[in-house]
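Chemist: Provided below for reference: sequence and predicted model.
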Amino acid sequence: MSAQPANPGDLLEGFDRTITQDQVEAYADAAGDHNPIHLDAEFAAKTPFGRRIAHGMLTLAMVSEMLTSAYPVNWASGGQLKVRFRAPVFPGEAVRVSGEVLKVAESDGVRTVEITLAVKKDDGEDVITGRAVVRVD
């Protein structure tokens, strides 16, 4: 594992992932969220989306995966997250999860990093944007 990203401009190790309907169904079972917009193709076809969509929280879990990889203990013990959901992800679509250290701050001997976050579709459309703050000392 490489050093934790802790300086402005440092990039977190992002990744690409294709969301599958099997993942959506597994997430629905794990979360207890069986909304038909995620699971029922006939129902979803009648919505403004025109087809099934992945759970927003399934997509957000990938952001947490990236942050956990970069800051294994610190993220889990009190990282902060503020995001905005911008667009749905449809099963079969690929997304790119990324993060970059925006700034470093120190207060009362506690050093934190602020990270800009993004989940984007292959065409560049934003799915999730936001920021995270993680203690790094």
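Modeler: Yep, that arrived. Numbering: from 1, shown residues only.
Chemist: C-alpha only now, for contacts and for neighbours.
Modeler: OK.
Chemist: residue ranges of the strands in the chain, please?
Modeler: For the chain, strands defined by DSSP state E occupy the ranges 15-18, 80-85, 94-107, 110-121, 126-135.
Chemist: how far away is residue 71 from residue 137?
Modeler: 11 Å (CA to CA, to the nearest Å).
Chemist: out of these two, which sits in the more crowded spot?
Modeler: residue 71 (21 against 11; other CA atoms under 10 Å).
Chemist: for the spatially closest residue to that one that is not a sequence neighbour, give its distance to residue 18.
Modeler: Leaving aside its sequence neighbours, residue 71 sits nearest to residue 4 (CA to CA, 6 or more residues apart in numbering; 6.4 Å). When distance is defined by CA to CA, residue 4 is 26 Å away from residue 18.
Chemist: residue 11: neighbour count?
Modeler: Residue 11 is flanked by 18 other residues according to other CA under 10 Å.
Chemist: returning to that earlier point: right, and the residue nearest to residue 71 touches residue 72 too?
Modeler: No. Under the criterion of CA atoms under 8 Å, residue 4 is not in contact with residue 72, lying 9.3 Å apart.
Chemist: out of the strands of the chain, which is closest to residue 53?
Modeler: Smallest distance to residue 53 across these (CA to CA): 12.1 Å, for strand 126-135.
Chemist: what sits against residue 68?
Modeler: By CA atoms under 8 Å, 6 or more residues apart in numbering, the contact list for residue 68 reads 75, 76.
Chemist: contacting residues around stretch 21-32?
Modeler: 33, 34, 38, 39, 54, 55, 58, 91, 92.
Chemist: mind running it again at 7 Å?
Modeler: The contact list for stretch 21-32, computed with CA atoms under 7 Å, 6 or more residues apart in numbering, reads 34, 38, 39, 54, 55, 58, 91.
Chemist: can you flag which of the residues you listed belong to helices?
Modeler: Of the contacts of stretch 21-32, the ones assigned to helices by DSSP state H are 38, 39, 58.
Chemist: nice, that's everything, thank you.
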